[in-house]
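Peer 1: Task: produce atomic coordinates for the following.
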Amino acid sequence: MRCIKKTAVIIAFLVYSTGFLYAQESECDLENESRYQITTELRQTSGELHLRINETDAALYLDGVKQGNLFVCFSLGTAAKKNYDGSYTYFEQNGIRGCEWILKVPEGEHIIEVKKFGKKTAVTKVYVFGKTQVELDVSLQDADFELISFSAEKKRFNPYNPGTLGMCRFNFSVTAPGEGMLEIYGADSRLVYRRGLKPFAAENVHSTWDGRDENGAIVKKGIYTAYLQVRGAAGTEFIQSEPLSVAVDTAPSVPLSLFSTSGLSAGLVPAAHLMPKGSLYGAGTCGTDFSLSKGFKTAPLFLGFAYAPLEFLELSCTTGTEIKLSRANPLIIQGCLKAVCKSGMFRYGALLGGAYSSGKAASVFNEGILHTGSLFAIDHGPLCIGVSEQVFFGITGGELYPLNGNLKTGVSGSFQKGFYAVHLSAVLYSPFSSSGMQGFGRIQAGSDVCVLIPKTLCMPGAGIYYTRDKNGENGFTFRIGAAIYH
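Peer 2: Predicted coordinates for the structure are as follows:
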């Protein structure tokens, strides 16, 4: 019996699964009642690809992967994608400056793409045999000027928000160097704003509008239409983009809050201000909890997110742990749904949320298995005063007990102006059971400061909080963190 067919099957599978190995076939005969050990040697085989490009700063893609990067990208497919071994040098010949790549590639067919802004992309296929050298010259030709795309990062924004939160960014792509301008028109088709753009030096370009007219005044609330007028560097006719509608809404301001009055379910006092519709908020916090009599208690670490799918609704989730010296670190997961309505200077709303903890947690931001409540606030310019009442269940034995929990009464004050905000908050926990209220439980109060870094969407913050429990034990909590708005 001949075993060549079985061996060939094994060889084909290995070659297909790696793309870099080559097997040398062999034949053998098996006689009755005899035993043989068959060894197949797989070895790597490759060739060299010499590529000359008539541009010095063109990007080379080999099999879809940009060459020259420091990282290697692996796929889950049958072949690994990587940056191939090689080098490149610059040359100048007959007044033409370019670069030459020398790449060591595995035997097989390869797709080569050469890209440069202002030039047509060159795509070609080449087959490289093992232990051979293939030379290829690529000449890039000038590209015709075209506007590829035009989009707005925000469909709605408030010019009164600080920094980039109060701006609308427009992104567009072109194929070649050129120039242009951004134009904004009101609902009455009257030109409101016009801005000349810098000469295009890359494919992807952006421009911003801060919601002001040409006189520097913030425009009225309403729907505005943005157009892009662009043309190539050769002085061709202007190309006008498709219109983009952007809403200027002075009502939904972005709350600069991170700890006590944040919209996240881990806050001391829930805020009456919501994120604007469609916006996303992410925050990370860390800190330490101290008892004046016993010293260090815990070091909480939390990561939270909030999203506003509707103008009156905000969803949030917080997860984290508390680092302890004496016990295992619990996993804490919290979620909250908050709805808030506004009528003039008044805000009112309701909350529904829950939490899970794998162990007992001592953080001032810890909450029960299930909680619900209401909130009310008054806005007066940059000042906001709020109160809240929440009921927390499930604090006994880690199970839900409708008649056993804590009543949490909170009051807060916040001052937000420009790039910074200051918050004050205090809460009183009153335990209750089926027999009624159990008297004083715990009081917590504190303050925090948040600052939005100008021209960014990043907001760091720091806070300090005081705690006194029913046994008269006093403690302090320190927090630092940062948030990212989107």
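Peer 1: so where's the stretch 301-450 of the chain uncertain?
Peer 2: Low-confidence segments of the stretch 301-450 of the chain (pLDDT under 70): 360-368, 394-403.
Peer 1: give the contact list for Gly354.
Peer 2: Shown in contact with Gly354 (Cβ atoms under 8 Å, 6 or more residues apart in numbering): Gln334, Gly335, Gly368, Ile369, Leu370, His371. In short, each C-beta sits where N, CA and C put it, glycine included.
Peer 1: nearest to Gly47, of those?
Peer 2: Nearest to Gly47 among the contacts of Gly354, counting by Cβ to Cβ, is Gly335 at 56.9 Å.
Peer 1: Quick check: beta-bridge partners of the closest residue to the closest one other than its chain neighbours?
Peer 2: Nearest residue to Gly335, sequence neighbours excluded (Cβ to Cβ, 6 or more residues apart in numbering): Cys317, at 4.9 Å. Taking DSSP bridges, one finds Phe305, Gly335 as the beta-bridge partners of Cys317.
Peer 1: What's the local residue count around Cys317?
Peer 2: Using other Cβ atoms under 10 Å, the number of residues around Cys317 comes to 17.
Peer 1: That one reaches Ala283, doesn't it?
Peer 2: No: here Cys317 lies out of contact with Ala283, judged by Cβ atoms under 8 Å, at a distance of 11.2 Å.
Peer 1: Out of the contacts of Gly354, which is nearest to Gly118?
Peer 2: Nearest to Gly118, judged by Cβ to Cβ, of the contacts of Gly354 is Gly335 at 50.3 Å.
Peer 1: residues touching that closest one, list them.
Peer 2: Contacts of Gly335 by Cβ under 8 Å, 6+ apart are Ser265, Leu315, Ser316, Cys317, Thr318, Gly353, Gly354, Ala355.
Peer 1: if I look at Tyr127, how far off is Phe157?
Peer 2: 53 Å (Cβ to Cβ, to the nearest Å).
Peer 1: Gly108 now?
Peer 2: For Gly108, the distance to Phe157 equals 51 Å [Cβ to Cβ].
Peer 1: do Pro255 as well
Peer 2: Using Cβ to Cβ, one gets 15 Å for the distance from Pro255 to Phe157.
Peer 1: Dig out what Tyr348 forms beta bridges with.
Peer 2: Cys341, Phe376.
Peer 1: you'd agree it is up against Ala339?
Peer 2: No: using Cβ under 8 Å, Tyr348 is not in contact with Ala339; the gap is 9.7 Å.
Peer 1: When Tyr127 and Phe157 are compared, which one has more neighbours?
Peer 2: Set side by side, Tyr127 and Phe157 show more neighbours around Phe157, with 27 against 11, by other Cβ under 10 Å.
Peer 1: how close does that one get to Asn204?
Peer 2: Using Cβ to Cβ, one gets 21 Å for the distance from Phe157 to Asn204.
Peer 1: okay, and for the stretch 151-300 of the chain, where does confidence drop off?
Peer 2: Checking the stretch 151-300 of the chain against pLDDT under 70 turns up 251-252, 259-267.
Peer 1: let's see 90
Peer 2: Within the stretch 151-300 of the chain, the stretches with pLDDT under 90 are 153-158, 160-167, 233-238, 249-285, 287, 289-291, 293-300.
Peer 1: can you pull out the strands in it?
Peer 2: With DSSP state E, counting those that start in this stretch as the criterion, the stretch 151-300 of the chain has strands at 156-157, 168-174, 178-185, 191-196, 204-209, 222-232, 239-240, 244-248, 280-291, 295-310.
Peer 1: Comparing those strands, which comes out most buried?
Peer 2: strand 156-157 (a mean of 23; mean count of other Cβ atoms under 10 Å).
Peer 1: What are the contacting residues of it?
Peer 2: The contact list for strand 156-157, computed with Cβ under 8 Å, 6+ apart, reads 165-168, 211, 246-249, 252, 276-278.
Peer 1: Wait, Leu191 touches Met181, no?
Peer 2: No: the pair Leu191 / Met181 is not scored as a contact, 11.1 Å apart, by Cβ under 8 Å.
Peer 1: Farthest-apart pair in the contacts of Gly335, please.
Peer 2: Largest separation among the contacts of Gly335 by Cβ to Cβ: Leu315 and Ala355, giving 14.7 Å.
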